[in-house]
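Asker: sequence-free structure coming up:
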Ligand SMILES: O=C(O)COP(=O)(O)O
Ligand SMILES: [Mg+2]
């Protein structure tokens, strides 16, 4: 028996160009209208998620920056669990490293992030990893951005911390995601879904891999779970 949903955004509710699936939103509203809490969990910033959650119509529990920050509801204070200072140090080193090759990194929402640093996938992620390998940062490629994160922090650790604040346990959640930044979240949730476009690592640990991709796959997985587990 599952009681709640936690879902990723990019590549799960959107296509590979970040265009939102209106069908996926309709599916989420079906859950909301049955009184089932839905948490949005993403590498995106908290303010991006806050606006999206309001327009979808959830209760406002959101996990941002791959778990580095989360909020229990609208107008609630954010819980910041990541240590951004090491991420910024690593980012400075990467800026100098790539500047020497006349490549300018493109940061995403630098001034809006509380816990991590994200930038465009315009440089090889393996090179990024090797340049910062001696620093206390974790490098994650989501397929949409490269993130510098605090080691040990993930959407999974945020879900563990957030669930009791909603009077739930992580095992009460159905989790859906597409990428390696969703691995820990699917692991701690009671049931994990990825879509046909999901990463190979995620497909290995998911309880269900849908036939369809992106938002259509999300709806396929959630509607079958709604009948079976809720
Ligand atoms: O911000 C990203 O890089 C990806 O975001 P997501 O976690 O919603 O897929
Ligand atoms: Mg994603």
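Answerer: Sure, I can see it. Model, not experiment: these values are computed from the prediction. Ligands and ions are numbered 1, 2, ... in the order given.
Asker: from here on, contacts and neighbour counts on C-alpha atoms
Answerer: Fine.
Asker: where along the protein do the helices fall?
Answerer: 22-33, 46-56, 84-99, 125-131, 155-165, 183-188, 200-205, 214-229 (DSSP state H).
Asker: indicate which one of those helices is closest to ligand 2.
Answerer: helix 214-229 (9.6 Å; CA to the ion).
Asker: relative to helix 22-33, how tilted is that closest one?
Answerer: Counting by axes from the mean of the first three to the mean of the last three CA atoms, to 10 degrees, helix 214-229 lies at 30 degrees to helix 22-33.
Asker: tell me what helix 214-229 is packed against?
Answerer: When contacts are defined as 3 or more CA pairs under 8 Å, 6 or more residues apart in numbering; DSSP states H and E, helix 214-229 packs onto helix 22-33, strand 191-194.
Asker: how far away is the residue of the chain positioned farthest from its centre from residue 94?
Answerer: What lies farthest from the middle of the chain is residue 100; by CA atoms, centre = their mean that is 32.1 Å. Here the criterion is CA to CA, to the nearest Å. By it, residue 100 lies 10 Å from residue 94.
Asker: kindly report the same for residue 29.
Answerer: Distance from residue 29 to residue 94, by CA to CA: 42 Å.
Asker: settle this for me: residue 106 is touching residue 120, isn't it.
Answerer: Yes - between residue 106 and residue 120 there is a contact at 5.4 Å, judged by CA atoms under 8 Å.
Asker: overlap of the contact sets of the two?
Answerer: Counting by CA atoms under 8 Å, 6 or more residues apart in numbering, residue 106 and residue 120 have no common neighbour.
Asker: all set now, cheers.
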